[in-house]
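K.L.:
could you look at this predicted model? Sequence included:
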Amino acid sequence: MAQVDSGGTGRPVTGRAGEVFDTTRAVSDIETLLAADLPTSGATVSEGDPATGEWTGTRGAGFRIIPLWESEALTGVYGADWNQAEDAAEANLALVVRESDHRWGPHRKVSMRVPLFRHQAHAPLPALFQALGDLDCFGDLTVWGPTATGGRWIAVSVNQCDGDAPMIMTAVVSHAPITELAE
C-alpha cells in the first residue's frame, strides 16, 4: 500500500510532485473524480507509481481520495520562509474553494481534530477518515454536498505530515455524507 512519506526525507510523496499549481486543473481533477465510479465495497487500497512509490490515489467502499498538488519539500525551511510556504498552500486551497463554491454552492468546514485524536489512540474510525489518517492527511476539510452528481460529497484540504515534508492538497469524493465526527 502506498503511503505518504512522513519520515521527513524531503522526497516527493505524491504523483503531483513538481507540478505547478493550476486552479483550473485542480477543479477539473475534482470534476473527473466526481464523475468516476466509486467502489461499493472492499478494502481501502492506496495506489502509488510503480517506479517511485509516490502516492497517486486511494479508494475504499464509497469513496476516492487523490492528491491535487504538492509543494516543494520544506527541508531546511524555517521561520518566515516556512510561513510563506504555508501561506502559499492556503492561498492555493482558497482558489480551489472559491471556484468550487461557484460550481457546488457554499461550502462548510469539517474539522479533522477528532479523527486525528482517534487515529493517534488507534480507535475505530469510519473508513474515509481512517484512510485520510493513514495518509497523514489531517488538514481540516472544506466540504460540499450533497451535489447534483448522484448526491455525492466533495472535500478538499491542504496539510503537511511533518515539518520537512511538502504541503499536499487532496480531494475526496464520497457517496456518504462527510460530516464532523462526534467526540
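P.N.:
Sure thing, it's come through.
K.L.:
just the strands in this protein please.
P.N.:
45-48, 55-60, 63-70, 108-110, 141-144, 153-159, 168-174 (DSSP state E).
K.L.:
quick check: longest helix of the chain.
P.N.:
Ranked by residue count, the top helix of the chain under DSSP state H comes out as helix 79-104.
K.L.:
picking up where we left off before, looking at the strands of the chain, which is nearest to Phe21?
P.N.:
Smallest distance to Phe21 across these (Cβ to Cβ): 5.0 Å, for strand 63-70. Yep, even glycine has a C-beta here, placed from its N, CA and C like the rest.
K.L.:
let me see the mean pLDDT of the closest one.
P.N.:
For strand 63-70, the mean pLDDT works out to 98.
K.L.:
how far out from the middle of the chain is that strand?
P.N.:
Computed by Cα atoms, centre = their mean, to the nearest Å, the chain-centroid distance of strand 63-70 equals 5 Å.
K.L.:
give me the buried positions along it.
P.N.:
Neighbour counts using 16 or more other Cβ atoms under 10 Å place 63-70 of strand 63-70 among the buried residues.
K.L.:
adjacent strands (with direction) for it?
P.N.:
Strand 63-70 sits in its sheet next to strand 55-60 (antiparallel), strand 168-174 (antiparallel), going by DSSP bridges.
K.L.:
so which of those is the most surrounded?
P.N.:
Of all these, strand 168-174 carries the top mean neighbour count, a mean of 25, counting by mean count of other Cβ atoms under 10 Å.
K.L.:
nearest to Gly48, of the strands paired with strand 63-70?
P.N.:
Distance to Gly48, taken as Cβ to Cβ, is lowest for strand 55-60 among the strands paired with strand 63-70, at 5.3 Å.
K.L.:
identify all contacting residues around the closest one.
P.N.:
Residues outside strand 55-60 that contact it (Cβ atoms under 8 Å, 6 or more residues apart in numbering): 2-4, 13-15, 38-39, 42-49, 64-67, 127-128, 131, 135.
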